[in-house]
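Student: prediction below, plus the sequence it came from.
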Amino acid sequence: MIKAFWEYLFLGIFCAVGVYPLSAQEVNATVKVNSSAVQGANRQLFVSLENALHTFINGRRWTEAHYGESERIKCSFNLIVTEMLPSGSFRGELYVQSHRTVLNSNRYSPLLNLRDRQFEFDYREYQPLDFDPTFIQGNLTAVIAWYVYLIIGLDLDSRSSLGGTACFRQMEVIATGVQSYGWSGWETSGNNRSRYIMAAAFNDGSQSKYRQMWYDYHSGGLDRMAGDIREGQEKIASSLVLIPLLYKQRPESVLILLFGDAKLHELVDIFSEADLQMKQQVYSVMNEVYPTHRVELNKLR
């Protein structure tokens with residue numbers, strides 16, 4: 001594990017926080033902190049936390065990727081603080097979503113729709129937030145930085161084949177670096193929604209076909225729909241064939257879960273006006289993998 005940590009550290013160092021000047025930031029995030037469930041807490045502390053997180057996420061460049069001001073990734077971080085622990089720490093849930101623009105349209109495509117139920121953190125009022133992947137000091141910034149890299153990596157992968165590799169490797173650096181602290185949500189086994197396992201999945205060469213599918217779906221399919229709806233739909237439908245193949249190989253893959261959480265509603269919307277044959281093709285593929293979403297998928301029948 002230690003050897004892998006240093007290997008990924010050097011591979012991902014150019015994606016590290018704080019290396020780049022504060023211009024052309026990649027993300028345009030809205031941040032909300034809801035503390036209504038915590039009784040007797042200092043409300044100003046949570047206002048301070050919300051402001052600090054907003055600055056931490058939006059106020060720096062995270063990678064070498066170039067984003068114009070209008071191209072910044074729209075995303076949201078909603079933190080629901082559920083408990084104040086006797087130690088003074090906090091426990092809560094984090095909802096993270098991100099979208100990308102679709103070429104030549106005013107449409108946004110969802111890339112991430114995730115609920116993280118295992119989030120404990122420390123914070124003092126007016127505490128400035130910073131992060132160094134080589135010297136992790138707190139779970140708050142480690143988790144948030146990890147999600148920022150996931151958001152940027154998914155966006156870059158959707159725009160160029162395997163374009164998000166540096167960000168996904170940086171996620172694994174963080175997930176490995178926090179192991180000695182024993183924080184929840186970073187387990188190396190037994191929890192396929194853990195941040196460690198998610199990072200490992202995106203860096204697993206045997207699952208790189210999923211990332212190629214992600215690129216084909218967005219750049220080959222969605223981005224063509226403004227010029228030719230049918231051509232875009234066909235490319236998306238053909239890209240989806242990979243999903244049941246991955247499901248058969250690894251039915252518990254977190255990549256399958258992440259895709260379903262982000263994309264099923266969009267797929268129903270895209271193919272609701274397609275011809276019957278294409279609808280049935282998409283329904284058959286998706287229903288095999290996501291039978292618990294049958295109510296939503298039945299709109300394609």
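Tutor: Happy to help now that I have it. Numbers count the residues shown, from 1 in each chain.
Student: can you give me the helices for the chain?
Tutor: Along the chain, counting by DSSP state H, helices occupy 2-12, 43-58, 139-159, 165-177, 195-202, 208-215, 229-239, 242-249, 254-271, 276-289, 294-297.
Student: below-threshold pLDDT in the chain: ranges please.
Tutor: Along the chain, the parts satisfying pLDDT under 70 run over 1-24.
Student: now do the longest strand seen in it: which elements does it pack against?
Tutor: Ordering each strand of the chain by length in residues (DSSP state E) puts strand 108-121 first. Counting contacts by 3 or more C-beta pairs under 8 Å, 6 or more residues apart in numbering; DSSP states H and E, strand 108-121 is packed against strand 73-84, strand 90-101, helix 139-159, helix 254-271. Placement of C-beta: from N, CA and C, glycine included.
Student: now do 6 Å
Tutor: Judged by 3 or more C-beta pairs under 6 Å, 6 or more residues apart in numbering; DSSP states H and E, strand 108-121 is in contact with strand 90-101, helix 139-159, helix 254-271.
Student: returning to that earlier point: ok, which of the helices of the chain comes nearest Lys74?
Tutor: Lys74 lies closest to helix 139-159 among those, at 9.7 Å (C-beta to C-beta).
Student: what's in contact with that closest one?
Tutor: Residues outside helix 139-159 that contact it (C-beta atoms under 6 Å, 6 or more residues apart in numbering) are 26, 62-63, 73, 75, 96, 98, 100, 111-112, 121, 129, 131, 136, 163-164, 167-168, 170-171, 174, 178, 183, 195, 211, 214, 218.
Student: test of understanding: give the bridge partners of the closest residue to Leu85 other than its chain neighbours.
Tutor: With sequence-adjacent residues excluded and distances taken as C-beta to C-beta, 6 or more residues apart in numbering, Leu85 is closest to Arg91, at 6.2 Å. Here Arg91 sits in beta bridges with Glu83, Glu120, as judged by DSSP bridges.
Student: so Arg91 makes contact with Phe121?
Tutor: No. Judged on C-beta atoms under 6 Å, Arg91 makes no contact with Phe121 at a distance of 8.2 Å.
Student: between those two, who's got more neighbours?
Tutor: Phe121 (20 against 16; other C-beta atoms under 10 Å).
Student: pull the contacting residues for the more buried one.
Tutor: Shown in contact with Phe121 (C-beta under 6 Å, 6+ apart): 90, 139-140.
Student: could you do Ser109 as well?
Tutor: With contacts defined as C-beta under 6 Å, 6+ apart, the neighbours of Ser109 are 100, 102, 222.
Student: same check on Lys299?
Tutor: Contacts of Lys299 by C-beta under 6 Å, 6+ apart are Val268.
Student: sorry, back to before: closest to Gly68 out of the helices of the chain?
Tutor: Among the helices of the chain, helix 139-159 comes nearest to Gly68, with 13.1 Å by C-beta to C-beta.
Student: tilt between that closest one and strand 90-101?
Tutor: Angle, helix 139-159 to strand 90-101, by axes from the mean of the first three to the mean of the last three C-alpha atoms, to 10 degrees: 20 degrees.
Student: and helix 139-159, how far from the chain's centre?
Tutor: Averaging C-alpha positions (C-alpha atoms, centre = their mean, to the nearest Å) puts helix 139-159 6 Å from its chain's average.
Student: same check on stretch 286-297?
Tutor: Centroid displacement of stretch 286-297 relative to its chain, using C-alpha atoms, centre = their mean, is 22 Å.
Student: pull out the buried residues from that stretch.
Tutor: Within stretch 286-297, the residues scored as buried using 16 or more other C-beta atoms under 10 Å are 286-287, 289-290, 293, 297.
Student: could you dump those residues into JSON lines and include distance to Thr188?
Tutor: Rendered in JSON lines, the data for the buried residues of stretch 286-297 read as follows (distance: C-beta to C-beta, whole Å):
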{"residue": "Met286", "distance to Thr188": "31"}
{"residue": "Asn287", "distance to Thr188": "33"}
{"residue": "Val289", "distance to Thr188": "26"}
{"residue": "Tyr290", "distance to Thr188": "27"}
{"residue": "His293", "distance to Thr188": "29"}
{"residue": "Leu297", "distance to Thr188": "34"}
